[in-house]
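Student: compute the structure for the input listed below.
(one chain, ligands or ions: 1)
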Amino acid sequence: MTGLRFDLRDPPHGAAALRAELRAFIAEHEHRWTPEVRARSWMGFDRDFTRAVGARGWIGMCWPKQYGGAERSFLERNIVLEELLAAGAPVGAHWIGDRQSGPLILRLGTDAQRAKFLPGIARGDLAFCIGLSEPDSGSDLASLRTRADRTDTGWLLNGRKIWTTFGHLCDWMIALVRTSPAPEGGSRHQGLSQVLVDLRAPGVTIRPIRDLVGEEGFNEITFDDVRLPPDALVGTEGAGWAQATSELAFERSGPDRYMSSHPLLEAGMAALRDDPATAPALGREVARLWTLRAMSTAIAGMLQDGADPVRQAALVKDLGNDFEQALPGAMRALRDVDDMPEPMRRMHAYLTQITPTFSLRGGTREIMRGIIARELGLR
Ligand SMILES: Cc1cc2nc3c(=O)[nH]c(=O)nc-3n(C[C@H](O)[C@H](O)[C@H](O)COP(=O)(O)OP(=O)(O)OC[C@H]3O[C@@H](n4cnc5c(N)ncnc54)[C@H](O)[C@@H]3O)c2cc1C
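Tutor: Residues are numbered from 1 along each chain as shown. As a prediction, this is how the structure comes out:
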């Protein structure tokens with residue numbers, strides 16, 4: 001068995017000062033966040049707040065300064081993520097760009113692509129979405145059918161993506177598409193590429209889809225003869241599968257995979273502070289949180305070292321989703337819903353409805369366990 005090590009990391013130099021700065025910043029903004037906004041956490045979309053975060057240098061903060069970054073470490077970035085998530089800040093307008101699209105462009109994009117996109121993401125001006133899933137291709141992503149065909153002037157894009165979070169609010173998508181047929185008898189993973197798509201280009205149609213709570217957070221996006229420029233390709237033509245799967249380590253390992261319900265835990269701790277009978281149960285939740293945090297921080301350290309911790313990320317996502325999904329029930333077991341203080345009751349109501357999606361978005365529980373089982377040599 002190899003590759004499932006989690007080396008614990010010490011907090012980075014200056015961690016306490018950075019946390020204090022973030023808490024002061026959050027205190028300036030949090031009066032505007034209702035319990036539902038806080039409960040929505042990284043699924044809250046607020047461009048003004050995102051620009052305020054960008055102005056502080058907290059988006060793309062590990063990127064080179066020449067591209068709008070701050071050249072700080074992944075471990076410092078983790079502190080920023082933790083503080084924003086703990087407060088339930090509406091970070092959705094920069095979450096994807098900061099977490100995966102920006103790092104992908106930095107790693108594999110051309111200098112021109114880096115200069116064009118990264119400073120805008122870091123300022124909070126450019127919002128990105130993820131174009132992986134299709135109506136008939138979710139877990140079995142390699143079966144996707146959206147195609148980009150080479151033309152004299154670039155690429156011609158046709159097909160459909162679905163469940164695209166914030167597609168209707170974003171500026172750009174990085175889409176995984178087929179650019180050449182899978183070889184006869186060969187792997188379906190060949191011939192896939194990643195392309196940048198301007199969501200305002202002619203031929204792009206965005207249809208919002210209502211979620212479990214009745215909100216329109218994700219979309220179906222259709223591409224009808226969308227003309228892409230030659231430099232729409234990110235990375236290497238045909239290497240899209242490897243590129244997209246390594247991008248998933250950024251998507252799956254962060255605190256957003258176990259802190260989506262965190263504001264409810266904070267509200268529960270405040271409400272139950274004077275009830276010693278609940279302390280052991282609350283302590284168990286905090287111990288689970290702390291363990292996940294140590295694992296996630298270890299992955300941030302691995303990313304810092306240039307490693308590709310895809311399997312560790314799958315483990316954190318699976319265990320983290322279990323934790324964040326169980327929190328509303330855990331709180332309900334400790335305090336009757338009718339006796340919860342109002343903000344807590346409202347967060348509990350929202351999260352009870354939405355938590356089933358946590359183990360679908362970013363790859364399902366079964367797929368995460370398949371990756372882990374493969375690493376353990378069980379399949
Ligand atoms: C809130 C939310 C936001 C999302 N945002 C985005 C986004 O921004 N961009 C994007 O591209 N996608 C997004 N998705 C889509 C998400 O990635 C897919 O829903 C997910 O990958 C599952 O694909 P599917 O829905 O087609 O289900 P399917 O793949 O059809 O799976 C159905 C069920 O079968 C199980 N299953 C499938 N294959 C296997 C297997 N081999 N072994 C065991 N069990 C299996 C699955 O675990 C699942 O329980 C989002 C989804 C949600 C819920």
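Student: okay, Gly92 and the ligand: tell me how far apart.
Tutor: Counting by CB to the nearest ligand atom, to the nearest Å, the separation of Gly92 from the ligand is 11 Å. Any C-beta I mention is one placed from the backbone N, CA and C, and that applies to glycine too.
Student: can you give me the neighbour number for that residue?
Tutor: Using other CB atoms under 10 Å as the criterion, Gly92 is surrounded by 23 other residues.
Student: my guess is it contacts Arg47. True?
Tutor: No - in terms of CB atoms under 8 Å, Gly92 does not count as a neighbour of Arg47; the distance is 9.7 Å.
Student: now the common contact residues for the two.
Tutor: Shared contacts of Gly92 and Arg47 (CB atoms under 8 Å, 6 or more residues apart in numbering): none.
Student: what's near enough to touch Gly217?
Tutor: Gly217 makes contact with Met43, Thr165, Phe166, Asp211 under the criterion CB under 8 Å, 6+ apart.
Student: over to Ser41?
Tutor: Here Ser41 is in contact with Leu85, Gly88, Ala89, Val91, Asp256, Met259, Ser260, Ser261, His262, Pro263 (CB under 8 Å, 6+ apart).
Student: and what of Gly57?
Tutor: Gly57 is in contact with Ala70, Ala122, counting by CB under 8 Å, 6+ apart.
Student: gap between it and Trp42?
Tutor: 19 Å (CB to CB, to the nearest Å).
Student: just give me the neighbour total for Lys65.
Tutor: Lys65 has 10 neighbouring residues, counting by other CB under 10 Å.
Student: nearest residue to it other than its sequence neighbours?
Tutor: Beyond its immediate neighbours in the sequence, the residue positioned closest to Lys65 (CB to CB, 6 or more residues apart in numbering) is Glu71, lying 5.6 Å away.
Student: that's a strand at that neighbour, yeah?
Tutor: No - the assignment for Glu71 by DSSP: H, G, I helix; E, B strand; the rest coil gives coil, which leaves it out of any strand.
Student: so who does it touch?
Tutor: Taking CB under 8 Å, 6+ apart as the definition of contact, the neighbours of Glu71 are Cys62, Trp63, Pro64, Lys65.
Student: can we see that at 10 Å?
Tutor: Taking CB atoms under 10 Å, 6 or more residues apart in numbering, we find Glu71 in contact with Gly57, Met61, Cys62, Trp63, Pro64, Lys65.
Student: show me what contacts the residue nearest to Arg56 when sequence neighbours are not counted?
Tutor: Taking CB to CB, 6+ apart, and ignoring the residues beside it in sequence, Arg56 has Phe25 as its nearest neighbour in space, at 6.3 Å. Going by CB under 10 Å, 6+ apart, Phe25 touches Ala52, Val53, Arg56, Trp58, Val80, Glu83, Leu84, Ala87, Ala89.
Student: which ones among the residues you listed lie within helices?
Tutor: Under the assignment DSSP state H, the contacts of Phe25 contribute Ala52, Val53, Val80, Glu83, Leu84, Ala87 to helices.
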